[in-house]
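Enquirer: sharing a model that was predicted from the sequence below.
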Amino acid sequence: MTNEQILGLINYIANKEQSGKTLKPEQYNLLLPADCIKFAQLQRKEYEKTQEVTNAIKHLKVSDSNLTVNAGTGIASVPTNYEYGGQLWYNDSVPQRRKIDLVTDAEFNLRMGSPLRKATVKKPFGKLVGSSLYFEPKSLGSNVKFSYLKVHTTPVLDYYIDTNDIAIYFSDPTDVAAWSAGSYDSGDTVYYASNGHYYKANTTTVEIPTHSDWDIDEDYSHTLTGDELGSSGQTASTIVDSLTIEMDWRDTEKLIISDMLLERIWPNLKKMELAQYVELQKQERNLS
């Protein structure tokens with residue numbers, strides 16, 4: 001389900017159950033990221049406790065990311081997409097896979113002060129401080145591997161307002177391929193991104209992408225005319241380009257997040273599960 005479909009479903013329920021109350025796209029874009037954060041936090045707490053939660057969040061798992069430990073300081077930079085948790089290991093000179101204990105500041109200090117518990121190449125440990133990992137011993141080099149949960153995607157539903165004051169939604173342009181010169185079969189749709197704008201051409205052969213060969217791809221870009229407005233207030237003659245980013249959760253989790261949003265806006269709907277509601281609507285349509 002896309003962000004647009006989720007908003008449509010929310011507004012369908014709200015319009016039917018709340019006497020015409022609906023959620024505007026700018027409100028949706030404020031609330032949806034917050035509920036995605038809340039949902040991710042709830043999932044992290046239960047991660048790997050049940051198979052269902054593990055399946056829900058597995059797309060955020062990064063396995064065996066390479067770290068390089070500075071031999072002088074024992075410090076390595078945390079990956080920029082790091083969000084939560086972590087397991088560390090390295091291959092020693094044997095080579096043998098060695099677990100690296102990830103400990104608290106207090107435990108780190110206790111071990112450093114104890115002759116019996118100080119770090120060795122067989123029993124290394126580390127601590128997380130801000131955007132850095134501190135290791136003992138400091139000589140682990142470039143053989144350290146880090147597994148963790150990465151930051152989830154922050155969703156956006158971008159749009160422009162047409163002359164009829166209707167929001168026209170853009171699609172997520174993530175998968176628009178970069179231009180690759182070559183020959184194409186008749187009827188092929190070729191996509192091209194240039195200076196942030198998105199174009200397409202239906203053509204037999206195209207070797208060089210000149211703008212005279214291409215039309216604006218309305219799924220991702222639009223030239224504003226008349227009284228049309230972009231989502232950030234852009235006006236006529238401006239090309240507005242899609243900033244839409246889809247949620248990276250499965251449809252099952254998207255429905256849960258949508259239900260959380262409904263609870264926030266319309267508390268008397270908090271007992272309603274979207275999945276059940278959708279099923280009920282299907283049954284009603286089949287009976288009518």
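Expert: That came through fine. Source: prediction; values computed, not measured.
Enquirer: all helices of the stretch 1-150 of the chain, in order?
Expert: Using DSSP state H, counting those that start in this stretch, the helices of the stretch 1-150 of the chain run over 3-17, 25-46, 51-57, 105-112.
Enquirer: which other residues reach the third one?
Expert: Outside helix 51-57, the residues within contact range by C-beta atoms under 8 Å, 6 or more residues apart in numbering are Ala40, Gln43, Arg44, Glu46, Tyr47, Glu48, Leu149, Trp249, Arg250, Thr252, Glu253. For the C-beta atoms, the positions are set from N, CA and C on the backbone; glycine is no exception.
Enquirer: ok, now with 6 Å
Expert: Residues outside helix 51-57 that contact it (C-beta atoms under 6 Å, 6 or more residues apart in numbering) are Gln43, Glu46, Tyr47, Glu48, Glu253.
Enquirer: ok, the last one next?
Expert: Counting by C-beta under 6 Å, 6+ apart, helix 105-112 makes contact with Arg117, Lys127, all of which sit outside it.
Enquirer: related to what we said a few turns ago, and the contacts of helix 51-57, which of them are buried?
Expert: Among those, those buried by neighbour count (16 or more other C-beta atoms under 10 Å) are Gln43, Tyr47, Glu253.
Enquirer: from Asp64, how far off is the second one?
Expert: Spelled out, that is Tyr47. The spacing between Tyr47 and Asp64, counted by C-beta to C-beta, to the nearest Å, is 18 Å.
Enquirer: tell me the SS of Ala201?
Expert: Of the three states, Ala201 takes strand under DSSP: H, G, I helix; E, B strand; the rest coil.
Enquirer: for Leu255, same thing?
Expert: Secondary structure of Leu255, per three-state DSSP, is helix.
Enquirer: okay, now it: neighbour count?
Expert: Using other C-beta atoms under 10 Å as the criterion, Leu255 is surrounded by 20 other residues.
Enquirer: I'd like the distance between it and Ala106.
Expert: 42 Å.
Enquirer: what of Glu136?
Expert: From Glu136 to Ala106 the distance is 15 Å (C-beta to C-beta).
Enquirer: these two: who's more crowded?
Expert: Glu136 (21 against 9).
Enquirer: beta partners for the more buried one?
Expert: The partner list for Glu136 in beta bridges (DSSP bridges) reads Phe125.
Enquirer: can you flag the weakest of the helices of the stretch 1-150 of the chain by average pLDDT?
Expert: Among those, helix 51-57 has the lowest mean pLDDT, at a mean of 82.
Enquirer: tell me what Tyr169 is bridged to.
Expert: Here Tyr169, judged by DSSP bridges, has bridge partners Tyr159.
Enquirer: which residues of the stretch 151-288 of the chain score low on pLDDT?
Expert: 177-189, 202-213, 268-288 (pLDDT under 70).
Enquirer: which stretches of it form strands?
Expert: 159-161, 167-169, 182-194, 197-206, 215-216, 221-223, 229-230, 239-241 (DSSP state E, counting those that start in this stretch).
Enquirer: mind listing what the spatially closest residue to Phe39 that is not a sequence neighbour touches?
Expert: Computed as C-beta to C-beta, 6 or more residues apart in numbering, the closest residue to Phe39 that is not its neighbour in sequence is Ile257, at 5.1 Å. Applying C-beta under 6 Å, 6+ apart to Ile257 gives the contacts Asp35, Cys36, Phe39.
Enquirer: among the residues you listed, which one lies nearest to Val156?
Expert: Comparing the contacts of Ile257 against Val156 with C-beta to C-beta picks out Cys36 as the nearest, at 10.9 Å.
Enquirer: measure that closest one to Val129 for me?
Expert: Cys36 is 27 Å from Val129, by C-beta to C-beta.
Enquirer: settle it for me: which of those two has more neighbours?
Expert: With neighbours defined as other C-beta under 10 Å, Cys36 and Val129 compare such that Cys36 has more, 22 against 12.
Enquirer: show me the contacts for the more buried one.
Expert: Listed by C-beta under 6 Å, 6+ apart, the contact set of Cys36 reads Ile257.
Enquirer: closest to Ile216 among the contacts of helix 51-57?
Expert: Checking those against Ile216 by C-beta to C-beta gives Glu253 as the nearest, at 33.8 Å.
Enquirer: if anything else comes up later, I'll come back, but that's it for now.
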